[in-house]
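Q: Pasted the sequence and its predicted model underneath.
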Amino acid sequence: MGIDMIIFTVLSAIAIAAALGVILSKNPVNSVLCMITCFVAIAGHYIMLNAQFLFVVHLIVYTGAIMVLFLFVLMMMNLNADIEPQKRNWLKYAGAISGGALLLVLVAALRDASLPAIQGGGNTEIGLVENLGKTLFTSYVVPFELSSVLFLSAMVGAVVIGKK
Amino acid sequence: MIHLVWLVPFLPLLGFLINGLGRRYLSKPLTGFVGSGSVVAAFVISLLIFFEVRTPGFTPQVVTLFDFISVGSLHIPFAFQVDQLSALFLLIITGVGSLIHIYSTSYMHDESNEGFARYFAYLNLFVFSMLILVLGSNYVMMFIGWEGVGLCSYLLIGFWFRNIEYNKAANKAFIMNRIGDFGFLLGIFLLIQQFGSVTFSEVLPQAAAMGTNSGVLFAIAMLLFIGAMGKSAQIPLYTWLPDAMAGPTPASALIHAATMVTAGIYMVARSNVIYTLAPHIQTIVTLVGLATALLAASIALKQNDIKKVLAYSTVSQLGYMFIALGVGAYTAAVFHVMTHAFFKALLFLGSGSVIHAMGGEQDIRKMGGLKKWMPITNITFLIGCLAIAGIPGLSGFFSKDEILAHAFGYSPVIYGLALIGALMTAFYMFRLYYITFTGKFRGTHEQEHHLHESPAAITFPLIILAILSVIGGYVGMPVVFGMPNLLAEYLSPIFAPSVPFLHEHHLSHSLEWGLMGLSTGLVIVMILWARSKFANYTDNGEPTTGLAKVLENKWYVDEIYDAIIVKPLMVLSRFFQDVVERSGIDALVNGVGSAVKWGGGRARLLQNGQVGFYIFAMVIGMIVLFVISLFL
Amino acid sequence: MNALITTAVFGIILMFVGLVVKQRQYIKYVAIAGTVLAFIANLLDAQSGYGVLHGMVEVSSFSVLFNAVAIASTALYFLLCGSSFEKVGEDVADYFALIFFILAGIMLTGAYSNLLMLFLAIEIISIPQYILAGADKKNLKSNEASLKYFLMGSFTTGILLMGIALVYGATGTFDIREMGLGTGELSPLALCGITLLGFSLAFKVSAAPFHFWTPDVYDGSPTVFTAFMATIVKAASFIAFMRLFHVSFSGGNVSGHWQLIIAIITAATLIIGNLTAVFQQSVKRMLAYSSIAQAGFMLFAIVSHNEMANQGLILYSAAYSVATIGVFAILLKLNDYTFDGFNGLARRQPLVAVVCAIFLFSLAGIPLTAGFFAKYFVLSAAIQQGDLLWLVIIGVLCAAVSAYYYFRVIIAMYFKPGEADAQGVTPGFKALLVVAAAIVIVLGIFPNLLLQYL
Amino acid sequence: MPVQYYIFLSIALFCIGIMGVLMRRNAIIIFMCIELMLNAVNLLLVAFSKMWVDAGRIDAASAQLFVFFVMVVAAAEVSVGLAIIVMMYRNTHSVDINILSRLKN
Amino acid sequence: MLTVLLILIPLVTGLITFGLSGRGAKVLSLISSLATLAVALAAWSQFRTAPEALSFTAEWIPQLNSQLNFGLDGLSLMLVLLTTISFPLIFITVFSRNYEKAGAFYGLMLLSQAGMLGVFLAYDALLFYVFWELALIPVYFLCSMWGGEKAIPVTFKFFVYTFAGSLLMLVGIIYIYFQTEGSFSWQAFTSLSLSNSEQSWLFWLFFVAFAIKMPVFPFHTWQPDTYEQSPTAVTMVLSGIMVKMGLFGVMRWLMPVLPQGAYMWQEAAILLSVIGIIYASCIAIMQSDLKKLIAYSSIAHIGLMSAAIFANNEQSLAGVQVQMFNHGINIIGLWIIIEVIEQRLGTKNMQQLGGIAAVAPKLSILLVIISLANIALPLTNGFIGEFLMFSGLFQHNVWFAAVSAIAIILAAVYMLRMLQKVLFGEANALTSATTDLKGGEMLALVCITAMIFVLGFYPKPLLELVSGSGIQNTVAALTGR
């Protein structure tokens, strides 16, 4: 078992444990904290996969901004205590079972997919800012510009919805 | 003259149109003139045609007016065939028809202007239809007339339409005729299928070529005979005829005695080849005829309505004609048609004269001793009775005797039974005569006060018919008398195709004389018995019992029909309507609608408003579809 | 591309118009002008020739035609329903802006040539809709619609992305024309990806069993926005759906893998949509279910990938959009959204009733209305495809069922006594309705007027 | 290292996200679970990107850019989504998704 | 051009009529219907000399290769004549009536006429389908708006039922369209050879549509209720002309297009029809509502026609075609009288009637005549068709013919029962106040009676018409393969 494999296993274990923490923890704040842990673990994977720029963005946008936003909303609503009324248990189990079933189905389907392996090495520079930036402003300039429309509409929307 | 044969039916049709459309505007004499005149003119033409036909070496002629139906290989022309048989029937129809029209001008005089014209229109229409029936050169033409006379019978039976009972009788007549027509029609279809034609001159030779014992001919003969049963009131389709007496009496005389009811005999005689080649069906015809003759005669024994007695007598006589047809004595059958037309028309018209004098009363128990007031009617009626009873020298004797003789040749048993029927005939006819015309008058004083002999327009046809009833028989005298049988000679071309297949039973002359003597003697005995029993009849009003009651109630045949046909049909219809239609098919159709609604009601419950459930359902859907797509 | 830019720019312009123009009823006219300009820009697209831009946007006769239909329908929508925007809330200009942003997304659905663009288009369409659904902020139903739409929509975004990722894993490209799935054996990755993409797009077009959001969201949203969401947006989703599946996932033996699933989805959609619509009491909710039912018919175009399906979907989009917008416009003028609310409309407003009946005929697919040919084309496409006759039979039987609930409105208008009266029906509004009805009928007699441009 | 590991990992995370959506009633948690699903996809895309780079594809950067756009969209979605949740909270004083179930049938 | 005029006149005048009110609508629609009749007669005379000049073709939907393809053969010309003769008669009959919203009423009537004429003239399958539906919609509105109190659910059932059926037919049309390499023309449809299994299931798609329209047992349950609830003028259209659309469809679009399918299911179709004949006749006996009685009698008659079509020989086909015309005329006559009775007395329940013969002799005589024509008495027009149909059916199968011929007895039973209950007996308080026929009614009925007798005596014009191109084509198409 190489070092890659060990890191992968550790990171994956953390991510999955944290993800389970998100959905199982009673306290929403704990959920958010688990989520952050999970995201950090995923960020670790990004580094492993030569996606340095994404690693940074991920940490900043997700862990830094989005999750804080979540935390902020939770705090604002004073929802740190578990106010979630007890859902009927069978629905909970049904949810868990169906999620598990979906997992099973997908894994069964994808088990024997023959794909090229990740060898390590190769072009490690692909995920650097310079490389991505060039592509972004050449062939991906159309979606880049269009995402402004998306942001604008989200902005307008937040204003429309948010103002008293 | 023969090319003008279309005038014969056309004139009555014209009369029908004039009287029918102008019924508001024509006066009674004018109406009567148009109505009678058209038939008399037709009679004159018929007479001319008859003489032309009688000339030796005459071959049947077909006068085609236009193509009636022409589809593919099937051609049905609107054409008239003039031959010995149709010419003879033309004479009977127009002749008796003329007399009855003349009679009616007086008999129906009490009707309103409009009713009078309507009556004559119907009568003319009837003559037209009947002429089409006998003149048609093919079975479809015959069927046209066949249904046409049925219609006129319906119209005339229900002539007094305010009376709902009369109407029911009319409906019954029409429907029973339709049952027969159903068979006739199927027979025509079978003819078309087999021969590709319905024209006599094409069908009959082909049929003759098929030889005896052909299943198809059996079927055709049977189906056509069903038609004849309906029209000629044979068991089991006879019950309409007595009820048909609801119509005006002259109409009864014309339609339900002299002409229409003999259409069946005409048809069988016309198709004689087919019947001769289907001996089993002939046996059936004989047996049906015999049964009808006996049954109707037995019923007539106990009837008290003057017209009902005559009606059952007609049914019975028609039975004789079918016996004749069944035993292959076609000439005898036609002969009896002719003589029967004379004396039965005479009897009906006589009864009409009586009813007229009695102010509408038809129950013979309320009559009696009428000969005092109505001498002409009395004499003519008596002649009619003697003729029908078969007293030697009168027409009925010759024709009936010929039938009996042929029946004996066929089977002595049938002869014996037919003779019993003949004796019953003599008995009930004279019962009728004596109760009506002799003894004391049993009606009200008012009726007595009004009793009178009928006017000339009524008595004239009676006299003519009485003469014919007497002399009419001499055209067909049996060979034993040593005179030529004119009628048999005249008709021989018509029945010639059957001759090779017929088994003639030649009776020895002595046997024939013996049979004649036997029947004559017994008939006279019967008449005398009737005289002794009814000459001074008094109505004691006691309810009848036993067999007499059964006879009085006509063997309960109407009731039986009601129970086995009408009621089940109604039950079936009600079942269709209430169960199959409403709770079955319609419920099913509506059920589909309800099921859709119900499904909608259930389906919308899925939409329970909880977004958690929605996503859950989506995931389940995804799993199911995944499984289907990946692993199935 | 010009049309896309114009609509996006007009979205921004309208944001600022709201700050400048205080008379809110005039904002509508700016918006209408925007659609007119967009339409002209779209025509310019057709003039300047077709081609692919950076592998992202593909301007073709199909996209131009669809854009034309979408823009024209939007213009009609503004004309007929524009004045109702004011009733929803304060931010009229913002609503118009959002609709223009959605329209920009719609422009992309007919033109994307890259899965990224598809993803962006769907998000650009969806996010403003979440907001529009909740625009009536004080109304709990509107809140609920918004929340439901948002939660389920983002959930589906996840599914969509997973599908895209798997397809990418199998093919190594996001370009819809370069995937080359038809050649060689199909990787399970691609298969799962296609299926997941199918699910997510089925959600967007509200096909069963992913339709649950539709009735609630359409019912809860402000009616004027429902009219937009249920028509043009849905048609755009279908266009996106069809392009992806017909361009990328056809050829070779690929289509065999998803056809059965889509066929099952189609059947389920038809049955659930039609059956459930039968029971509704509110016309608005009935129209929501009917939009599911109509989606069932449009899915025929997806199942059967042939030329006729393309034509059929364009025609269906036009027919369905115009008719539904028309019915919603009339609905907006009524006080009572139940069936009883239409009672006796024919007596009070004969013209409106006639036009409404024509729209409903079109929705039910009666001949001589555009809806007939729309249904005709999609059904023929399925029959031409072969092996789908069972689905077609289900389809036509469901079409007969659909007559039931559409005719309930007609029965209410014409045969029931009542005092339904439409508020604020101006002659201009009537004239516009007549124009819309004329479009429906003209397309119903000569569908080639539209199809000749394809 | 076979890319399957990454596939299984991200599908596991994805399905945990789905489970979370199904099991919880708190709108914010549900939304977080959706974000978890998106991140699972991101991880998978990055893994595939690496895989195709190693397999010699030059344009494999597009997957990473796709991830970038997913983050962009996610950010926009979060802003709108939280606004909607706040609006709901304002009106109902709850973030329980089942509180709002007036629209049904 | 005449062919197009036939459709255009009612279509255009129908649309104009919507804008008129009261008397104007009446007069315009009468003029329009007479003009259409004139055009139809002109077409007839042209048909005798140069029939090919009557066909009309124009581009319609190039994408589908569907054309505006109209044409006339003997069969369609006869139905066109029936339609164009019926409408003036109907308009004359109801001329004295004042319908609420007369403009809409007459407009819808004319539109339905246009639709039906289109059905009879179309030689393009898609066009046929379009007109098929177009004829239905106005009738739906007519029944619902001017019908009885239960009209709305009843006609709605009728609408959905027929709509579902015709949609199935549409599926069949589309399927065949793709087999013909993309043509809707009748010629392309008929020259196609489909496999037996295809024909087998396609047959049912078409048959169900036509069977519902005709209607054939067990698809008939919409019909009695609809006839009962509809305003009588509309019932005339429905039963006189519209049911012929189903028969026409079978003859034009089913038998020649799917000869093998028709051959395979021949016996089944005849069996259904024959069951329907007896079944409907029996139920007719039980009815006390005049309209329902005639409705069931119509089912029985149509059942015979349908059986005869499937018996499929020269005689039965000629019989059906002749009977289509004659049945249309006769049944319209019956409805006119029922309309008169209902107008005068406000009831159509036979139990409440009786004795009308004494009060209204003209009405009674005409009713008797038309009833007799309806039970196919010889020398009335009803006879020719029924005779040929039964004969043809008999050539096909003796037992079917024998069983169905029982209907001639049952028909007599229920028609005579009706005459007895309505006309005969003593007039009661209600009926004694009746007045006899008046101007328009009399005129219409006299026309009908004249046709009854003329065509009954001299059916040659009709037979020539149908034995010209019509049947030969059909039979040739059937025997040719």
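A: Looks like it came in fine.
Q: make it CA atoms for all contacts and neighbour counts henceforth
A: Will do.
Q: next structured bit after the longest strand seen in chain B?
A: Once chain B is assigned using DSSP state E, the strand that runs over the most residues is strand B:61-71. Remark: after strand B:61-71, the chain's next helix or strand is strand B:74-82, criterion DSSP states H and E.
Q: Grab the nearest non-local neighbour of the one residue in chain D that gets nearest to chain B.
A: The minimum distance from chain D to chain B, using Cα to the nearest Cα, falls at residue D:104 (4.2 Å). Of all residues not flanking residue D:104 in the chain, residue B:609 sits nearest, at 4.2 Å (Cα to Cα, 6 or more residues apart in numbering or on different chains).
Q: Okay, and the beta partners of residue C:52?
A: Using DSSP bridges, the bridge partners assigned to residue C:52 are residue C:58.
Q: For it, which residues are in contact?
A: Listed by Cα atoms under 8 Å, 6 or more residues apart in numbering or on different chains, the contact set of residue C:52 reads C:58-59, C:113.
Q: For chain D, give me the ranges with low pLDDT.
A: By pLDDT under 70, chain D has no low-scoring segment.
Q: which residue is nearest the middle of it?
A: Centroid check for chain D by Cα atoms, centre = their mean gives residue D:38 as the closest residue, at 2.5 Å.
Q: before we move on, what about chain A?
A: By Cα atoms, centre = their mean, the most central residue of chain A is residue A:39, 5.7 Å off.
Q: Now do the same for that residue: its pLDDT.
A: Residue A:39 is assigned 92 on the pLDDT scale.
Q: Tell me the spatial nearest neighbour of it, not counting adjacent residues.
A: Nearest non-adjacent residue to residue A:39, counting by Cα to Cα, 6+ apart: residue A:63, 6.6 Å away.
Q: Hmm, residue B:346 and residue B:462 touching each other?
A: Yes. The criterion here is Cα atoms under 8 Å, and residue B:462 meets it with residue B:346 at 5.8 Å.
Q: what about the longest helix along chain E and chain B, touching?
A: As assigned by DSSP state H, the longest helix anywhere in chain E is helix E:314-345. Yes. Part of helix E:314-345 sits near chain B under the criterion Cα under 8 Å from any Cα of the partner chain, namely E:314-315, E:318.
Q: now that helix and strand B:61-71, what's the angle there?
A: Interaxial angle of helix E:314-345 relative to strand B:61-71 (axes from the mean of the first three to the mean of the last three Cα atoms, to 10 degrees): 80 degrees.
Q: So which bits of helix E:314-345 are buried?
A: E:314-342, E:345 (16 or more other Cα atoms under 10 Å in any protein chain shown).
Q: swap in stretch D:2-21?
A: Buried residues in stretch D:2-21, defined by neighbour count with 16+ other Cα under 10 Å: D:3-21.
Q: Please give the number of neighbouring residues around the closest residue to chain B within chain E.
A: Nearest residue of chain E to chain B, counting by Cα to the nearest Cα: residue E:425, 3.9 Å away. Neighbourhood size, residue E:425 [other Cα atoms under 10 Å in any protein chain shown]: 22.
Q: From chain A, how far off is it?
A: 78 Å (Cα to the nearest Cα, to the nearest Å).
Q: Quick check: pLDDT value at residue 164.
A: By default, I'm working from chain A. Reading off the confidence values, residue A:164 has pLDDT 68.
Q: wrong one, chain E
A: Value for residue E:164, per-residue pLDDT: 90.
Q: Now it: which helix or strand?
A: helix E:151-179.
Q: ok, back up a step: among the contacts of residue C:52, which one lies nearest to residue A:102?
A: The nearest member of the contacts of residue C:52 to residue A:102, counting by Cα to Cα, is residue C:113 at 30.2 Å.
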